[in-house]
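Asks: just coords:
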DNA sequence: ACCGCGGAAGAGAGCGCTCTCAGGCGCATC
DNA sequence: GATGCGCCTGAGAGCGCTCTCTTCCGCGGT
């Protein structure tokens, strides 16, 4: 292509030593005479030597990079979701701190998932982190069979034996619904998330558990975690049960959509209808009225996931971590 | 580490041919007898052979991956900015279509920039795309000197000779301000973006150009592209010139902040004060009132950048692409 | 004076792949 | 029938690095 970069060999020649010695210096071994080390370092500096990573990983069998796979179909606009960015950012900087490189891969289509699979089995990465998986995704199962460590952000579908870090979706939803109950609400509806995602499933379970304990009946509409679907679900619920006086939405984006639908329908929040969300994204506090919601520790969750993927399976304390959630009470409920 | 993956050698042995022939089959060369090809393909399948990418790139000197570097300091919450996600997503899928892999790197700190530099010069990637650069960043200059092609999303700082794809920030700002003028506004203030970013600079230039042509005086406060800074700048402007009747904000996030500050100050939008933004993020249409803003083609810009980094410098038509913007008139102005 | 020992440097064998070059075979040409 | 040409296939030389094994050297012990 263009002028060849200097190699170990060149550095060795310049410093008047052998390749092996230069390698030792580069890799920080201590068994090198100080004077020789200095000479080598000087040669490296003069030549502007940088190790060739392909050659290195050919022999060491590791690449120092870890894949972060986001399985979101392109049709679904996840660019909305601020959680995604935050996870990416956290993972990336945590990995960096560990001397690893994050490789972000999108796996929205069947085809893209196959690409990811062959990328991983081609030895490009030392580990895989999975984000935003859906029930039918074949990728997690494929990865769990490979020799590369794979972990999941959020509980994977039931049949998939993947180590993971999740937050307490069931418990969080329960907290929110109990808060609505405690405020004296009688007809509490739910806008559930997509039921092919465990976060969607678990938050609905939490809602049902809380209601069951109180003997109220449940009213459910299903959305897909987008604002628009939240608004549509809200209209549906209003039609099904005009007397409802509270709504629990499985995420904030849908809750905000619900807020808009309620306003359009002439209901006051929280006077007529109380609304609670889940996630505590930034927009929740700017909503009108500010949204009562369930906060979960995104950064901690991402950090724990990185730690997990970096720890060899044999040395892990646990293959399953669940982090607590916290109810944030604002004006909407 | 664990059970060794099959190599070319193993496939060759199984198919009863030489390594070279298997390599030809794997790389899709046509000069192989159909019968032999089938035998090789069968052997590959039976063994579950996947080429070792490190070995391959050691000899081919290319890695089929391209870095996307985001130079945003960690202190600045870019997780807010939906444009970021959209660019990442577009770049990633465009690259995928070209058989390349995107490697996302964060370069928020001095240290991180050095990491990126050595990663790139270590031969990990075949090209680099830079996003969200600030004036003082040393990285672009370092990269422009390397043998790996580098391109920038948005015009880089003046002194940096980097090919780039930008949108017409100056023209877009002019459009917005001319719209305010045409609506009869007399005192048009600006909330400028960070002046160490060319998008911030250029949008301010557009504002000034439009005003100069009309003989109005300019009133400027500077923000940093965040919502909070927009609100703060708005309060400042109101204090400086209580009689202002229009504001051009250099991005939508700041415009939304300004909207909130105006409401708190008891000004009606657009009756008392007209507000125009820039970017046309989704939140702009949900703002209260819906925001008049300047739309620029993010997807096209990202796509053009990918095309540019994939095209060898010698074959490029141009090292500088500028895409047009479009005024979107809603209720705020 | 000899031996042995430990620490530090060098020699050299790969890692798994690509690619050039040579070799072999069949067929058309003279 | 000898020659040449084209087309496939195989042999083998690296790509740049790591790592084991060997060698070398200096030094203390007997």
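Replies: Here it is on my side, so go on. Just so it is clear, the model here is predicted, and its values are computed rather than measured.
Asks: double-check that residue A:208 belongs to a strand.
Replies: No - counting by DSSP: H, G, I helix; E, B strand; the rest coil, residue A:208 is not found in a strand; it is helix.
Asks: grab the nearest non-local neighbour of it.
Replies: What sits nearest to residue A:208 in space, not counting adjacent residues and going by CB to CB, 6 or more residues apart in numbering or on different chains, is residue A:218, at 5.8 Å. For glycine as for every other residue, the C-beta is placed from the backbone atoms N, C-alpha and C.
Asks: you'd agree that neighbour is up against residue A:209?
Replies: No - applying CB atoms under 8 Å as the test, residue A:218 and residue A:209 come out as separate, 10.3 Å apart.
Asks: on that earlier part again, contacts only, for the residue nearest to residue A:208.
Replies: A:188-190, A:207-208, A:211 (CB atoms under 8 Å, 6 or more residues apart in numbering or on different chains).
Asks: now with 7 Å?
Replies: A:190, A:207-208, A:211 (CB atoms under 7 Å, 6 or more residues apart in numbering or on different chains).
Asks: cool, residue A:200 as well?
Replies: A:192-194, A:250 are the contacts of residue A:200 under CB under 7 Å, 6+ apart.
Asks: surely residue A:168 touches residue A:322?
Replies: Yes - shown here, residue A:168 and residue A:322 form a contact pair, counting by CB atoms under 7 Å, at 5.5 Å.
Asks: about what we covered before: now flag whichever of the contacts of residue A:218 is closest to chain B.
Replies: Closest approach between the contacts of residue A:218 and chain B, by CB to the nearest CB: residue A:190, at 23.3 Å.
Asks: what's the span of stretch A:141-151, first residue to last?
Replies: The first residue of stretch A:141-151 is 11 Å away from its last residue (CA to CA, to the nearest Å).
Asks: quick one: is it near chain B?
Replies: Yes - using CB under 7 Å from any CB of the partner chain, stretch A:141-151 comes into contact with chain B via residue A:147.
Asks: who's in contact with that stretch?
Replies: A:117, A:120-121, A:125-130, A:160-164, A:305, A:308-309, A:313, B:2.
Asks: how far away is residue A:155 from residue A:207?
Replies: Applying CB to CB, to the nearest Å, the value for residue A:155 to residue A:207 is 17 Å.
Asks: of these two, which one has the most company?
Replies: More neighbours surround residue A:207 than the other of residue A:155 and residue A:207, with 25 against 21 (other CB atoms under 10 Å in any protein chain shown).
Asks: neighbours around the residue in the stretch 101-250 of chain A positioned nearest to chain B, how many?
Replies: Taking CB to the nearest CB, chain B has its nearest neighbour within the stretch 101-250 of chain A at residue A:104, 3.9 Å off. Residues lying near residue A:104 (other CB under 10 Å) number 22.
Asks: tell me what the helix or strand in which it is found is packed against?
Replies: Here residue A:104 sits within strand A:101-106, counting by DSSP states H and E. For strand A:101-106, the packing partners by 3 or more CB pairs under 7 Å, 6 or more residues apart in numbering or on different chains; DSSP states H and E come out as strand A:65-70, helix A:82-97, helix A:110-121, helix B:82-97, strand B:101-106.
Asks: my guess is residue A:221 contacts residue A:204. True?
Replies: No - using CB under 7 Å, residue A:221 is not in contact with residue A:204, being 10.9 Å away.
Asks: dump the contacts of residue A:218 to JSON lines, plus pLDDT.
Replies: Below are the contacts of residue A:218 laid out as JSON lines (pLDDT from 0 to 100):
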{"residue": "A:190", "pLDDT": "97"}
{"residue": "A:207", "pLDDT": "97"}
{"residue": "A:208", "pLDDT": "96"}
{"residue": "A:211", "pLDDT": "94"}
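Asks: most neighbours of all those, which one?
Replies: Busiest of these [other CB under 10 Å] is residue A:190, holding 29 neighbours.
Asks: that residue: what's it in contact with?
Replies: A:204, A:207, A:218-220, A:248.
Asks: what secondary structure does the residue of the stretch 101-250 of chain A found nearest DNA strand D sit in?
Replies: Per CB to the nearest atom of the strand, residue A:123 is where the stretch 101-250 of chain A lies closest to DNA strand D, at 13.8 Å. Following three-state DSSP, the label given to residue A:123 is coil.
Asks: quick one: it and residue B:124, what's the gap?
Replies: Note on residue A:123: its distance to residue B:124, by CB to CB, is 14 Å.
Asks: neighbour count: the two, which is higher?
Replies: Of the pair residue A:123 and residue B:124, residue B:124 is the one with more neighbours under other CB under 10 Å, namely 25 against 21.
Asks: wait, doesn't residue A:102 sit right on residue A:92?
Replies: Yes - contact between residue A:102 and residue A:92 holds when scored by CB under 7 Å: they sit 4.4 Å apart.
Asks: hmm, whatever helix or strand residue A:43 lives in touching chain B?
Replies: Using DSSP H and E, residue A:43 falls within helix A:34-47. No - Helix A:34-47 stays clear of chain B (CB under 7 Å from any CB), getting no nearer than 12.3 Å.
Asks: so which bits of that helix are buried?
Replies: Neighbour-count burial for helix A:34-47 flags A:36-37, A:39-40, A:43-44, A:47 (criterion: 16 or more other CB atoms under 10 Å in any protein chain shown).
Asks: now residue A:247, what's its secondary structure?
Replies: strand.
Asks: setting the sequence-adjacent residues aside, check what's closest to residue A:23.
Replies: residue A:8 (6.2 Å).
Asks: give me the number of residues near whatever residue of chain A ends up closest to DNA strand C?
Replies: Distances between chain A and DNA strand C by CB to the nearest atom of the strand are smallest at residue A:33, namely 3.0 Å. Each residue near residue A:33 was counted by other CB under 10 Å, and the total is 10.
Asks: turn the contacts of residue A:200 into a markdown table, columns for secondary structure and pLDDT.
Replies: Below are these laid out as a markdown table (DSSP: H, G, I helix; E, B strand; the rest coil; pLDDT from 0 to 100):
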| residue | secondary structure | pLDDT |
| --- | --- | --- |
| A:192 | strand | 97 |
| A:193 | coil | 95 |
| A:194 | coil | 93 |
| A:250 | coil | 96 |
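Asks: by neighbour count, which of those wins?
Replies: Within these, residue A:250 tops the neighbour count with 34 neighbours, counted by other CB under 10 Å.
Asks: separation between that residue and residue A:185?
Replies: From residue A:250 to residue A:185 the distance is 17 Å (CB to CB).
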